[in-house]
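[1] Kindly return the folded structure for what I paste below:
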Amino acid sequence: MADRPRETATEPASNPMKYLTIVECPVVYAAENEHALASKDMLPRFGVTSGLESQHIRVLDTRITSVCIWSSEFQAKKYFGKDWAEKADAIWGDQYQMRFEAIDAASAA
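    Residues are numbered from 1 along each chain as shown. Below is the predicted model of the structure:
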């Protein structure tokens with residue numbers, strides 16, 4: 001039997017999905033908690049954190065808002081996992097808010 005060329009699906013996804021996270025938290029300094037972490041230490045770092053494609057930070061009065069766009073939901077939830085949540089609860093208590101949302105690539109641009 002002769003070999004037949006295989007058909008491969010190479011069509012790119014028309015709307016690849018990205019993932020948005022928003023963290024709003026109080027400004028806390030490392031000396032103020034048992035973990036010795038400041039609020040900025042709890043946020044992902046562009047160029048260091050795997051899967052982080054974009055980050056925008058705003059500090060207003062005593063609050064920080066961090067808006068991040070991730071390459072996938074997996075990467076975002078990997079960073080903001082159980083260990084992160086336990087530290088966030090210990091450092092900020094009920095004074096922080098998180099938002100997770102899938103977005104299309106056009107919205108991420």
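[2] which helix is the longest one in this structure?
    Among all segments of the chain classified by DSSP state H, the helix with the greatest residue count is helix 82-92.
[3] got a list of contacts for the helix or strand in which Ile69 is found?
    Here Ile69, judged by DSSP states H and E, is contained in strand 63-70. Judged by Cβ atoms under 8 Å, 6 or more residues apart in numbering, the contacts made with strand 63-70 from elsewhere in the structure are 18-27, 39-40, 43-44, 51-59, 76, 79, 103, 108. No exception for glycine: its C-beta is placed from N, CA and C like everyone else's.
[4] what stretches of this structure score poorly on pLDDT?
    Within the chain, the stretches falling below the threshold (pLDDT under 70) are 1-15, 105-109.
[5] what about the helices in it?
    Going by DSSP H, the chain shows helices at 73-79, 82-92, 105-108.
[6] how many other residues sit next to Ser66?
    Residues lying near Ser66 (other Cβ atoms under 10 Å) number 19.
[7] same check, this time on Ile57
    Ile57 is surrounded by 13 other residues when neighbours are defined as other Cβ under 10 Å.
[8] Buried ones among the contacts of strand 63-70?
    18-21, 23-25, 39-40, 43-44, 51-52, 55, 76, 79, 108 (16 or more other Cβ atoms under 10 Å).
[9] what pairs with the strand holding Ile69, and is each one parallel or antiparallel?
    Using DSSP bridges, the strands paired with strand 63-70 are strand 17-26 (antiparallel), strand 52-60 (antiparallel).
[10] and those as TSV, adding distance to Trp92?
    Formatted as TSV, the entries for the strands paired with strand 63-70 read as follows, by distance: least, Cβ to Cβ, whole Å:
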stretch	distance to Trp92
strand 17-26	5
strand 52-60	15
